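Participant: quick one, what's the 3D model for this:
(4 chains, ligands or ions: 2)
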Amino acid sequence: MEYINLFYVTAAVLFIFGLKRLSHPRTARSGNLIAAIGMLIAIVATLVGYAHLDFRLIIIGFIVGGLIGAIFAVKVEMTAMPQMVAIFNGFGGGASALVGMAEFYTKAAPAALQAHPSYYDLTTIVLSVFVGTLTFTGSFVAFGKLQGFITGKPVVFAGQKTLNAILALLLVGFAVGTVLVPANMMWYFLAVIILSAILGVTLVIPIGGADMPVVISLLNAYSGIAAAAAGFVLLNNGLIISGALVGASGLILTNIMCKGMNRSLTNVIFGAVGLEQEGAAGAQKQMNIKSYSTEEAAMILDAAEKVIFVPGYGLAVAQAQHAVREVADYLEGKGKTVMYAIHPVAGRMPGHMNVLLAEANVPYNQLKDLDEVNPEFEDCDVAVVLGANDVVNPAARHDKSSPIYGMPILNVDKARTVLINKRTMNPGFAGIPNELFGYDNSIMVFGDAKQTLQQLLKDLKEL
Amino acid sequence: MEYINLFYVTAAVLFIFGLKRLSHPRTARSGNLIAAIGMLIAIVATLVGYAHLDFRLIIIGFIVGGLIGAIFAVKVEMTAMPQMVAIFNGFGGGASALVGMAEFYTKAAPAALQAHPSYYDLTTIVLSVFVGTLTFTGSFVAFGKLQGFITGKPVVFAGQKTLNAILALLLVGFAVGTVLVPANMMWYFLAVIILSAILGVTLVIPIGGADMPVVISLLNAYSGIAAAAAGFVLLNNGLIISGALVGASGLILTNIMCKGMNRSLTNVIFGAVGLEQEGAAGAQKQMNIKSYSTEEAAMILDAAEKVIFVPGYGLAVAQAQHAVREVADYLEGKGKTVMYAIHPVAGRMPGHMNVLLAEANVPYNQLKDLDEVNPEFEDCDVAVVLGANDVVNPAARHDKSSPIYGMPILNVDKARTVLINKRTMNPGFAGIPNELFGYDNSIMVFGDAKQTLQQLLKDLKEL
Amino acid sequence: MDMINILTVFILAIFVGFEVITKVPPTLHTPLMSGSNAISGISIVGAIIATHVSGTLGTWLGLIAVIFATINVVGGFMVTDRMLKMFKRR
Amino acid sequence: MDMINILTVFILAIFVGFEVITKVPPTLHTPLMSGSNAISGISIVGAIIATHVSGTLGTWLGLIAVIFATINVVGGFMVTDRMLKMFKRR
Ligand SMILES: NC(=O)c1ccc[n+]([C@@H]2O[C@H](COP(=O)([O-])OP(=O)(O)OC[C@H]3O[C@@H](n4cnc5c(N)ncnc54)[C@H](OP(=O)(O)O)[C@@H]3O)[C@@H](O)[C@H]2O)c1
Ligand SMILES: NC(=O)c1ccc[n+]([C@@H]2O[C@H](COP(=O)([O-])OP(=O)(O)OC[C@H]3O[C@@H](n4cnc5c(N)ncnc54)[C@H](OP(=O)(O)O)[C@@H]3O)[C@@H](O)[C@H]2O)c1
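Facilitator: Ligands and ions are numbered 1, 2, ... in the order given. Have a look, this model is predicted:
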């Protein structure tokens, strides 16, 4: 039965190759397939290599789980991707926790308890159950917030941090107890499960809905850590390697998002952003803004030679990805140079805009990232900002008092003309005013992104 | 004694961090230090953690080895780097082989032979002894060739390949015998050692001196593999990880060199390049070349605004790195734009030119690599080719019959004027003529690189 | 030895993960998120093994674990594929 | 288990090595060559352990192994440092 580990290592190596292929859109799809094959190998090896499995349960599990997963995967809207990842993530963490529980049951159940299980076993079991359970409940809260089942606003109350600290301390106590005090092991273990579940909820609930992507990415890392912990329990290299890969991936993405938002992880988790927003928005300076109709905007675009589209969260909300592609294609057909400027944290997920525009068949070589596109604005006739706000706020460049000061932004204000589409003068995610809207070369075109773009296309054709 | 593995793993992790820091000149030196600290940890852990060591031997070994190593390291000329690496490499491989032999002696010596050693033990021991011994003798042949102790020309004779094939087959036979036939184990093992030593010589001797860097890099990889094999023998993670790192590094560098020379590894090892050179050189077409004095060259440089220096192997031979820096600095002082174009396989070692110019205090941000510098030649007034030949041969771009066709080159011929310094019209390493010398915008300045540059500086100052 | 070995594997895997993932361009960060999530479904191996546990409670834990892990694996790979299918070069 | 574990470590280390080394720029390839060569001197650990072997032959093998490995380690790190010391930014 030892040889089975060879298959797990093979699976892990295939995961690594799969992730390596994710470094280019051309090879990415095959990379995902390779990883899936790795998973298949691991599953088949387990089914064949382990004796006394309950195949009835397993087949039921495969069918039920497979159907649910497939339906989710096929039905989900691209805009709902963060929720989707959250929920899958929760199930993964939950599975790791359950594996830990089952191991505990085998090794520490009164019936089996001839010998006290080793400290190594108990420590790793408690770890996998703790991280897994916290991931499970935390992910579902994150899902609920994004899906609107729970309020997206930070839920805060006095003494919240103290409560969390007490829960965490209790948790540590019971965890240590489980490992060290055989007599009460069962009850302590149960307390660990319950407290982990509660902590998953109380840690995520005070975080604003808009910060959820960071939380989800962090929970993604946790689900990896939980899988690795389960691997330590089962002494299974496959689980350990895969868990470490996922953990690294989650932490790197979390870090990228925090950097892109110019905030620390601590601030995201304990900052409860979204409360003082009204205050900040109220302090807005007087601005003179120009508001044009789509017809006037069409004339400006018609006269332009080089146009850069700058999509943001609003484009995703309005589901306007197809509409923008149609406008862009039309302009390109007229011989104009057209490109899309993608800010790393535009939208609500890393790479959100890329997926969105890819869905509308925009070829990925037209999507330019920050460093590549910023020099292009200097000799650009029109920059068209579509439902983006924070990622084009020039305050990040010069206003030291701004909360987003220092965050890298798209320099749309360097373009000769900036057309800005949004519905109102409301601030974006960061809740701060945007002086760009009052610049001399800025022109607002108010309205829902999809409707505005569709009207704009009509007007362009009628010119 | 189990905890000792923790220290080995720590050492390996420090090696990884050290290598990571090698990715930038600013951090590289500290990276080397970190790796050295890792080594110290591994050594101290071994001294403390293992019982019954012979400290008398160890101290003598440290002193003798340390002195020899330090003297080599301090005395060696930068141009003799390839030899230096070759010899260190040989000692490393030799050490791994000796470790394997000592293990064999412990586990299989008649006295100890109560139980037949396991197949795992024997296989790994034979592997480490084979790779280590081959690395040892091979490296010394490479050293001898580069140092001039052995002829640098390929030593070839009829039936050579057959002989090598027979030796290899015998080796495999005895290796299998050592593992499977306990009765004759001792003799078979001795045969493995001797045959490995011979094969190291016969495999390297037919390779031309100029191809030695590739061989050295490959032997470097082997010394890593030998260390890893010794790690498998001793079940030591530290040796295994470090060996794998070195193996990867050696293979990557070998691959880079082969690509840069536009040849396959097989061709390098079995091609015996350097034999047909005369023939190729004889077939040279008639060319009209212009030969200028340093005074005339000085006037051309004086009139230029942008000058690119292109160093090659000849610059290293002439030890002209300081002389070129002085000329370049003088021109820069006159307000001209000056840079150095570094071809990846200029010289005889990967990164040879970088080390050479760094020695002369040229700041590394003035050294431009191929991709970076090639567009610069278009608006460059003078390209100064110093002892470089193959890496600037335009035949690589258009002459499909040329042996270097397809090799990426520095496009010096795109510069308004090309000044070329070398001693004669002899071909370079690849033994092929260079049509560049006959181009309309080419001007030859014959002479030793160092003397020519020193004279050039004088003439520049006298203008 | 065993424990340290297994720790070594964990540490090295973190290095590999870190190096490989930092090479993924921003364009593919969303698929990376869901793809690596699918990989975390490797706990399905543990879930299958858990069905071996005897006793009613063990059985139920195992069943739920298999369902959960399967959702993660099947859903994760499928949705990632769906996303990646959309990335096209002109 | 042990053998597969140790193989796993080897494979992962190759991945790490490959990823880390490909990031070293051409400028530093010569120091990389001598630096990684110094690391291969880790066989010094095996050499030290080998002095434990009893018997005259074992003793001599151990001594020579220690000398060889020490040359590799000391010489390798020193010469690499000497080279890297020369790399300066203006
Ligand atoms: N990408 C990530 O990974 C990530 C993760 C977490 C947080 N974030 C944060 O999210 C923000 C992203 O910046 P962003 O510029 O993309 O978005 P944003 O700053 O949130 O602004 C979005 C804008 O879209 C407009 N909008 C909403 N619905 C619209 C519709 N139907 N039609 C047209 N416009 C509409 C809104 O204005 P109206 O209401 O006036 O229409 C709003 O100002 C950053 O602050 C970033 O730090 C990103
Ligand atoms: N870098 C590596 O890793 C590596 C490894 C293996 C092989 N190689 C090969 O080495 C070659 C490197 O190209 P390269 O252009 O640098 O060198 P090259 O093609 O070998 O040419 C060197 C030139 O320098 C001249 N020279 C020699 N001594 C001189 C002196 N004292 N003063 C002035 N000039 C002198 C020689 O001409 P005269 O005799 O007329 O003076 C010769 O033509 C490539 O073919 C490459 O494939 C490189």
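
Participant: which of the residues in the lengthiest helix in chain C are buried?
Facilitator: Scanning chain C for the helix with the most residues, using DSSP state H, yields helix C:2-21. By neighbour count, with 16 or more other Cβ atoms under 10 Å in any protein chain shown as the criterion, the buried positions of helix C:2-21 are C:4-21. Where C-beta positions appear, they are placed from N, C-alpha and C, glycine not excepted.

Participant: now do the contacts for the closest residue to chain D within the stretch 251-400 of chain A.
Facilitator: Nearest residue of the stretch 251-400 of chain A to chain D: A:I252, at 13.9 Å (Cβ to the nearest Cβ). Taking Cβ atoms under 8 Å, 6 or more residues apart in numbering or on different chains as the contact definition, A:I252 lies against C:F18, C:I21, C:T22.

Participant: and the nearest residue to the first one once chain neighbours are set aside, what is it in contact with?
Facilitator: Spelled out, it's C:F18. Excluding the flanking residues, the one nearest C:F18 by Cβ to Cβ, 6 or more residues apart in numbering or on different chains is A:A248, at 4.8 Å. Contacts for A:A248 (Cβ under 8 Å, 6+ apart) come out as A:A221, A:G224, C:I14, C:G17, C:F18, C:I21.

Participant: swap in 10 Å and give it another go.
Facilitator: Counting by Cβ atoms under 10 Å, 6 or more residues apart in numbering or on different chains, A:A248 touches A:19, A:221, A:224, C:13-22, C:36.

Participant: tell me where chain A has strands.
Facilitator: A:306-311, A:337-342, A:367-369, A:382-386, A:417-422, A:442-446 (DSSP state E).

Participant: and the shortest one, how far out from the chain's middle?
Facilitator: When you say that, I think you mean strand A:367-369. Offset of strand A:367-369 from its chain centre (Cα atoms, centre = their mean, to the nearest Å): 20 Å.

Participant: now swap in the second one and tell me
Facilitator: Distance of strand A:337-342 from the chain centroid (Cα atoms, centre = their mean) equals 24 Å.

Participant: check which residues of that strand are buried.
Facilitator: Neighbour-count burial for strand A:337-342 flags A:V338, A:M339, A:Y340, A:A341, A:I342 (criterion: 16+ other Cβ under 10 Å).

Participant: farthest-separated two in the residues you listed?
Facilitator: Pairwise distances across the buried residues of strand A:337-342 peak at 13.9 Å for A:V338 and A:I342 (criterion: Cβ to Cβ).

Participant: now do the shared contacts for these two.
Facilitator: Residues within reach of A:V338 and of A:I342 at once, by Cβ under 10 Å, 6+ apart, are A:F309, A:Q366.

Participant: burial measure for the residue in the stretch 51-200 of chain A positioned nearest to ligand 2, as a count.
Facilitator: When scored by Cβ to the nearest ligand atom, the stretch 51-200 of chain A has A:V85 as its residue closest to ligand 2, at 46.7 Å. A:V85 has 32 neighbours, counted by other Cβ atoms under 10 Å in any protein chain shown.

Participant: then A:I256?
Facilitator: 19.

Participant: which one is it nearest to, not counting chain neighbours?
Facilitator: Closest residue in space to A:I256, ignoring its immediate chain neighbours: A:P350 at 5.8 Å, by Cβ to Cβ, 6+ apart.

Participant: surely that neighbour touches A:P213?
Facilitator: Yes: using Cβ atoms under 10 Å, A:P350 is in contact with A:P213, at 7.4 Å.

Participant: ok, then the element right after the helix or strand bottoming out on mean pLDDT in chain C?
Facilitator: Sorting the helices and strands of chain C by mean pLDDT, DSSP states H and E puts helix C:56-70 at the bottom, at a mean of 88. Using DSSP states H and E, the helix or strand that follows helix C:56-70 in sequence is helix C:76-85.

Participant: and that next one, does that touch chain A?
Facilitator: Yes: interface with chain A: helix C:76-85 contributes C:G76, C:F77, C:M78, C:V79, C:T80, C:D81, C:R82, C:M83, C:L84, C:K85 (Cβ under 10 Å from any Cβ of the partner chain).

Participant: thank you kindly, that will do.
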